[in-house]
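# Let's see this in three dimensions:
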Amino acid sequence: MPFDHTAVRAQFPALRSGTAFFDGPGGSQTPQAVAEAVASTLTSAISNRGVVTSSERRAADVVDGARRALGDLLGVEPGDVVLGRSMTALTMDLARTLARAQGWGPGDEVVVSSLDHDANIRPWVLAAEAAGATVRWAEADPSTGELPVEAVTAVLSTRTRLVAVTGASNLLGTRPDVPAIADAAHEAGALVHLDAVHLAAHARVDREALGVDLVSCSPYKFFGPHLGVLAARPGLLGQWRPDKLVPSSDAVPERFELGTLPYELLAGTTAAVDVIAGWGEGASRPERLTSAFAAVEEHEDALRERTEEGLRGIEGLTLWSRAARRTPTLLFTLEGVEPSAVHRHLAGLGVNAPASHFYAWELSHRLGLGPAGGVRVGMAPYTSTDDVDRLLAGVTEVASTR
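Modelled structure (predicted):
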């Protein structure tokens, strides 16, 4: 299905400001349909979930609808979708729960990757340290930005309890070979937790196809509201008992959800999934999502190639995104210019391209960029060639004043 870029852009009111948004990896812009779903839910007759009144049933329908939409998005059953405040909060809770459920202790091992956002590193490190387990590091190659499968297999053992890996680096865009990593981890007897926060905005995430046990994401990266999602393979969540209030439900997935859910944000999340599905073709929502993401990838890859070609021609610029397979996410630095100064200059031109380590703390330091990081350029379905040309002109302007 051809990607109707003009129609897609028309769905995002923020684009009327004239700003070129390359900051999608930190949070995408919001379609009108998502904002309307949030507002209409807030102003509807709605109560806490129940089965007696119409307002109670409306709340229940909103939650069920969000679970179904996210299940379609991630390739899981609705009953295996956990909703929470953020991916970070859900992962912190999951790490503590899993360490207790599996009885982590001295001699047990947890594998984390230096390619990852700290939200898929620190929760596991802290849980392992508290239990006396050992943390093993799968190291990304700083020269290529790749995380080779061999870097993971080299640190696996029969005592590995969990492997935490990203579907795509939020700093460089690198997309590791997740199915191969998952196969190796399972052969060692370990579970696999996938951070799909960055990947889910750019490619179809199917838990079963990727071979992982657990997958997390954040709807605000793919045009939805600010909250977090954890999805699991069938039967897994029922094996674990997280900390919870005594009167709260012990059913799965509710036992993992603390407090009343934000119904309006869940309605917005369903709308976001439906917006993406509306860009594709097919008889079912999963089919339309697959079709839509194929079109999105083609559009974004073309923009990425155009941007890379332009950036490589700028004297003194280092492009750190070098992996063979990656999302449309680029990190660069300019010799003699602080990344924050580039960020400010571009902002003055109506081009949003922020500078930081973006919580990829370990990777930024292994690249030698430290806490300053670099300037990150993230393409999205609403990004245009004009946006790219404005970005390149702005970076060229900064470079010429060094």
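# hey, where'd the strands end up in this protein?
20-21, 81-84, 109-113, 134-138, 160-166, 191-195, 214-217, 228-232, 317-319, 329-334, 351-352, 355-356, 374-378 (DSSP state E).
# my read: T19 touches L349, true?
No. Assessed by C-beta atoms under 8 Å, T19 is found out of contact with L349, at 9.7 Å. Every C-beta, even on glycine, is put in place using the N, C-alpha and C of the backbone.
# before we move on, the earlier item: among the strands of the chain, which is the most enclosed?
Of all those, strand 374-378 carries the top mean neighbour count, a mean of 29, counting by mean count of other C-beta atoms under 10 Å.
# Can you name every helix or strand that that one contacts?
Judged by 3 or more C-beta pairs under 8 Å, 6 or more residues apart in numbering; DSSP states H and E, the packing partners of strand 374-378 are strand 329-334, helix 339-348, strand 355-356.
# of those, which approaches A399 most closely?
Among the helices and strands packed on strand 374-378, strand 329-334 comes nearest to A399, with 5.8 Å by C-beta to C-beta.
# Okay, now the unreliable bits of this structure?
Applying pLDDT under 70 to the chain flags the ranges 1.
# Let's see that with 80 instead.
1-2, 402 (pLDDT under 80).
# quick one, helices of it?
According to DSSP state H, the chain carries its helices in the segments 5-9, 32-43, 54-74, 87-102, 122-131, 149-153, 178-187, 207-210, 263-277, 285-312, 339-348, 361-366, 385-400.
# So which residues make contact with the second one?
The contact list for helix 32-43 (C-beta atoms under 8 Å, 6 or more residues apart in numbering) reads 11-13, 62, 223-225, 263-265, 267-268, 270-272, 274-275.
# who wins for proximity to P381 among the helices and strands packed on strand 374-378?
Among these, the nearest to P381 by C-beta to C-beta is strand 329-334 (13.7 Å).
# Next, report how far stretch 4-20 is displaced from the centre of its chain.
22 Å (C-alpha atoms, centre = their mean, to the nearest Å).
# what's the distance between the residue of the chain most remote from its centre and D250?
No residue in the chain sits farther from the centre than V52, which is 37.2 Å out by C-alpha atoms, centre = their mean. To D250, V52 is 21 Å away according to C-beta to C-beta, to the nearest Å.
# swap in P78?
Between P78 and D250 the computed distance is 18 Å (C-beta to C-beta).
# Looking at the two, which is more packed in?
Comparing P78 with D250 by other C-beta atoms under 10 Å, the one with more neighbours is P78, at 17 against 9.
# which ones are touching the closest residue to that one other than its chain neighbours?
Leaving aside its chain neighbours, P78 sits nearest to R67 (3.8 Å; criterion: C-beta to C-beta, 6 or more residues apart in numbering). R67 makes contacts with P78, G79, V81, L83, P253, as judged by C-beta under 8 Å, 6+ apart.
# neighbours around the second one, how many?
Other residues near G79 number 17, with proximity taken as other C-beta under 10 Å.
# cool, the last one as well?
Residue neighbour count, defined by other C-beta under 10 Å, stands at 19 for P253.
# in the sheet, who's paired with the closest residue to it other than its chain neighbours?
Leaving out its chain neighbours, the residue that sits closest to P253 by C-beta to C-beta, 6+ apart is V82, at 4.5 Å. When bridges are called by DSSP bridges, V82 pairs up with L230.
# check contacts around V82.
Counting by C-beta under 8 Å, 6+ apart, V82 touches L90, V229, L230, A231, A232, L237, P253, F256, E257.
# I'd like the distance between it and C217.
11 Å.
# what's the answer for D274, then?
16 Å.
# Then E335?
36 Å.
# neighbours around M92, how many?
For M92, the neighbour count with other C-beta under 10 Å is 18.
# right, and it touches P123 too?
Yes. At 4.6 Å, M92 counts as touching P123 under the criterion of C-beta under 8 Å.
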